[in-house]
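In: Take a look and give me a structure for this.
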Amino acid sequence: MKYNRVLTLKNGKKAILRNGDAPDGQEVFEVFNRCHGETDYLLTYPDENSFDPDAEAEYLAEKTKSENGIEIVAEIDGKIVGTAGISAVGSKFKVRHRAEFGVSVLREYWGLGLGRALTEACIGCAREAGYEQLELNAVLENERATSLYRDCGFVEFGRNPRGFKSRTGKYQEVVYMRLEL
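Out: I've put the predicted structure just below:
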């Protein structure tokens, strides 16, 4: 699946949204770890990353060749500042109509419209891939994210009040959301 788009952000800068590919492995690995260290709303902490730069490069190369999955990078001034992607929930008949979605952007680029652009790009790619439903999990208190997802058409279909347990010891309520495509 291929994706390439140039957009103008709220600050007037140009951003390129494109497929991440093998040569981006090191940089995407670093951005992943930075993003996961800058917020407590994502699933993992940087030290829990199961990839190294080579595994990331391989993953990106596979996604670029995939017909039903994608990993999109957001690039500003030649550097990657965020990623988003879709993956099949499974290959069995009963679940192959569903895809999972995730997005992360470096904190210094929040509020510029990148999260929305990456989300809309993934929604379009999910439709193009033939999925009927796109799903995500979000921490309830992450109001910026849940508001964005609702604005993009996602609806809540459940909650887990103790879905995440932060390293601070605090539980975080996880909201399950889906978008019918």
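In: now residue 145, what's its secondary structure?
Out: Assigned with DSSP: H, G, I helix; E, B strand; the rest coil, residue 145 falls in the helix class.
In: For it, which residues are in contact?
Out: Residues in contact with residue 145, defined by C-beta atoms under 8 Å, 6 or more residues apart in numbering, are 41, 115, 138, 139. For glycine as for every other residue, the C-beta is placed from the backbone atoms N, C-alpha and C.
In: ok, it to residue 31 distance?
Out: Distance of residue 145 to residue 31, given as C-beta to C-beta, to the nearest Å: 18 Å.
In: same thing with residue 118?
Out: From residue 118 across to residue 31, the span is 13 Å (C-beta to C-beta).
In: intersection of neighbour lists for the two?
Out: Residues touching both residue 118 and residue 31 (C-beta under 8 Å, 6+ apart): 82, 83.
In: isn't there a helix covering residue 108?
Out: Yes. Applying three-state DSSP, one finds residue 108 inside a helix.
In: mind checking pLDDT for the residue nearest to it when sequence neighbours are not counted?
Out: Leaving aside its chain neighbours, residue 108 sits nearest to residue 81 (7.8 Å; criterion: C-beta to C-beta, 6 or more residues apart in numbering). The model reports residue 81 with a pLDDT of 98.
In: Likewise for residue 1?
Out: Residue 1 is given a pLDDT of 88.
In: same check, this time on the one 4 residues further on
Out: What the model reports as pLDDT for residue 5 is 97.
In: give me the number of residues near residue 51?
Out: Neighbourhood size, residue 51 [other C-beta atoms under 10 Å]: 15.
In: check contacts around the residue nearest to residue 23 when sequence neighbours are not counted.
Out: Ranked by C-beta to C-beta, 6+ apart and with sequence neighbours excluded, the top spatial neighbour of residue 23 is residue 57, at 7.3 Å. Listed by C-beta under 8 Å, 6+ apart, the contact partners of residue 57 are 22, 23, 24, 25, 26.
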